[in-house]
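Colleague: I would like to see how this sequence folds:
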Amino acid sequence: MNQVLKKRLFWLAVQFLIAAIGIVLVLTSLNQSLNLYLTPSQIDMKALDSNKIFRVGGLVKKHSIIKKGVQTQFVITDLKKELNVIYNGLLPGLFEEGKGVIVGGHFNYNTFVANEVLAKHDENYQPPGLNT
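Modeller: Alright, predicted model coming up:
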């Protein structure tokens, strides 16, 4: 091989390596910023012995909300399985029985200890005070 061909191959390899590193960085960043959640049916309780942070989504089961000061206990269901949740803090205004919710936190035995609660609204939601 002549010197010019070796030089071109070297720079092509360097450019390929830089592009590969860039793609890995972008995919890693996207993976960390995705807000995916599991349903109670998708959770394998045997595999959740660690303090790994999860997001779980479903419906708040009717007649399951128990408030004790700032602590709230409730049950999330996907109409197949149920999950007990404990949350310490103020709940969002849209949080209510029978509505969708996403909670973020970790498992402590068979109870999900939430550190965030996000209430979901349906497509007909309108902010308070908006007259249509």
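Colleague: From here on, just use CA atoms for contacts and neighbour counts.
Modeller: OK.
Colleague: Report the mean per-residue pLDDT for stretch 102-119.
Modeller: Throughout stretch 102-119, pLDDT has a mean value of 88.
Colleague: Can you give me the buried ones in that stretch?
Modeller: By neighbour count on 16 or more other C-alpha atoms under 10 Å, the buried set for stretch 102-119 is 102-107, 112-114, 116-119.
Colleague: again, but for stretch 28-44
Modeller: Across stretch 28-44, burial judged by 16+ other C-alpha under 10 Å covers 39, 40.
Colleague: again with stretch 14-22
Modeller: Within stretch 14-22, no residue counts as buried by 16+ other C-alpha under 10 Å.
Colleague: Now tabulate the buried residues of stretch 102-119 in CSV and tack on distance to residue 95 and secondary structure.
Modeller: Formatted as CSV, those follow (distance: C-alpha to C-alpha, whole Å; DSSP: H, G, I helix; E, B strand; the rest coil):
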residue, distance to residue 95, secondary structure
102, 10, strand
103, 11, strand
104, 15, strand
105, 17, strand
106, 20, strand
107, 21, strand
112, 17, strand
113, 17, strand
114, 14, strand
116, 12, strand
117, 9, strand
118, 8, strand
119, 5, strand
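Colleague: Okay, now the unreliable bits of this structure?
Modeller: Scanning the chain for pLDDT under 70 picks out 1, 31-35, 45-51, 121-132.
Colleague: Having no further points to raise, I will conclude here.
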